[in-house]
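Colleague: quick one, what's the 3D model for this:
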Amino acid sequence: MAAMAARGPAPPQLTVLMSCRVREEAAGGPGGGQGAAVRLQLSMERPGEFRLAARLTEPVPGRSPVLHEFNLKDVLYEFKSTTCHRISTRSQPTEQLTYHFEDEREAQKWSTIITSSLREIEKASSTSGQQNQTGSSGTPLQPAQPVTEGGPGLGAEPTRAGPHICRTGMDISRT
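Modeller: Numbering: from 1, shown residues only. Down below sits the predicted model:
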C-alpha cells in the first residue's frame, strides 16, 4: 500500500474516440502537406471533456511523442477543404497548425467526430451556464438583453460563447 501512495495519483484514463494519420504542413506555408507525418487523436477524459493531440507516428529518441495537445474547448477548428483542416487556440489564434489528410473518407469521419465533440462541449457549456443563471429561489434569472453593434435588440446577432467551428470550403452536412 505504501508503494502505491508513493507513486502519487494515477494519470487520468483517456478514451480514444478516433485517431488518424495526417501530414502537418511545413512551417514555410502551403506545402501540400509535405511536413511531418503525425497522428491526430481525439480523446475523452470524462463526459464533456475532450483532448486533441498531435503525436509523432514514429518515435524519435530524446523527443516527446506528443507534439501538441489541447483541451478541445480552447480550440478554434477550421475546415479549409475536405482534406485540409486548421487548428489554432483562443489564446493564440495567429499560431495555426494545418493538417492534410491522405484519405478523404478518413477526413470525413474525423470531421464528423470533431464537429459532434465540439457541439457536445457547446451544449455542456450552455447547460452549465443555465444552471449558473438560477437565483436562490430556484427561479431562472433573466439574462440582460445583448448589446450589439446596432444597439440592444436591433436584430443583430450577438457573439456566441463556446467552441468555434469554421466550415470554409467544406459541406459537412454530408458527414
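
Colleague: mind listing what's buried in stretch 41-56?
Modeller: 41-44, 48-56 (16 or more other C-beta atoms under 10 Å). Heads up, the C-betas are built off the backbone N, CA and C, glycines and all.

Colleague: ok, these vs Leu14, which is closest?
Modeller: Ser43 (4.0 Å; C-beta to C-beta).

Colleague: which residue ranges of the chain form strands?
Modeller: Using DSSP state E, the strands of the chain run over residues 15-24, 37-46, 49-56, 66-71, 75-79, 84-89, 97-101, 147-148, 151-152, 164-166.

Colleague: can you redo those as TSV with distance to Ser128?
Modeller: Output for the strands of the chain, formatted as TSV (distance: least, C-beta to C-beta, whole Å):
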stretch	distance to Ser128
strand 15-24	21
strand 37-46	14
strand 49-56	12
strand 66-71	15
strand 75-79	18
strand 84-89	21
strand 97-101	28
strand 147-148	23
strand 151-152	25
strand 164-166	18
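
Colleague: as TSV, those strands with distance to Leu118 and mean pLDDT would be great.
Modeller: Listed next are the strands of the chain as TSV, based on distance: least, C-beta to C-beta, whole Å; pLDDT from 0 to 100:
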stretch	distance to Leu118	mean pLDDT
strand 15-24	12	92
strand 37-46	10	90
strand 49-56	8	92
strand 66-71	12	92
strand 75-79	7	92
strand 84-89	12	94
strand 97-101	16	94
strand 147-148	24	36
strand 151-152	29	38
strand 164-166	5	52
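
Colleague: ok, Val16 touching Ser43?
Modeller: Yes. The criterion here is C-beta atoms under 8 Å, and Val16 meets it with Ser43 at 5.1 Å.

Colleague: return the distance of the closest residue to Tyr99 other than its chain neighbours relative to Asp74.
Modeller: Once flanking residues are discounted, Tyr99 sits nearest to Val22: 4.2 Å by C-beta to C-beta, 6 or more residues apart in numbering. Relative to Asp74, Val22 is positioned 20 Å away (C-beta to C-beta, to the nearest Å).
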